[in-house]
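J.: need a structure here:
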Amino acid sequence: MRATRSEVAILTAMSIIGLASSLIVIYELNVLGTLPPLCTLPNGPSLFGAKLNCAKVLLSSYSDIEGVSLDLLAAIWFIVNLALVVALVTVRKSVAKAIFRILFAWRFFGLAIVPYLIYLEFVVLHSICLYCTIMHGAIIVDFIIVTFLVFADKSKIKRDIFG
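T.: Okay, here's the model as predicted:
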């Protein structure tokens, strides 16, 4: 399977950004025991009634599932995403079609969770986490990119995989 460098870069960019954001939170919060930089703007503007306050989001009862940090789950999601891209561009065409479908479903799974997390931040906690917002944005943009590559006539990946 041959993808252009730009397509590979596009497929990996948002995952790298999202992974970096989640790793910053994991490292700062769980290793150093401090909040990540730029976590609060006490006198800053509010957006739909929510203020920038990572502490309230990251330390809330909604920040984990059965003791597993959502940031760790996000890091795992982005790592799997990257692994699927590597597999997609290195495997034979016959396997690439299945990998691409898995990649699309995996990214859809990530996208499906984002509205609930945004709801928690804005409606329940009235606080926004900068790093969570970066991860949410990366997942949304990532899904849009993959959707475009699935349906765009100019997509080399689409031509190589689906003919």
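J.: who does the host helix or strand of residue 17 touch, helix- and strand-wise?
T.: Applying DSSP states H and E as the criterion places residue 17 in helix 5-25. Counting contacts by 3 or more C-beta pairs under 8 Å, 6 or more residues apart in numbering; DSSP states H and E, helix 5-25 is packed against helix 70-90, helix 130-151. For the C-beta atoms, the positions are set from N, CA and C on the backbone; glycine is no exception.
J.: and it with helix 70-90, angle?
T.: 160 degrees (axes from the mean of the first three to the mean of the last three C-alpha atoms, to 10 degrees).
J.: circling back: export the helices and strands packed on helix 5-25 as CSV, with columns for mean pLDDT, distance to residue 105 and mean neighbour count.
T.: Listed next are the helices and strands packed on helix 5-25 as CSV, based on pLDDT from 0 to 100; distance: least, C-beta to C-beta, whole Å; neighbours: other C-beta atoms under 10 Å:
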stretch, mean pLDDT, distance to residue 105, mean neighbour count
helix 70-90, 92, 10, 19
helix 130-151, 87, 10, 19
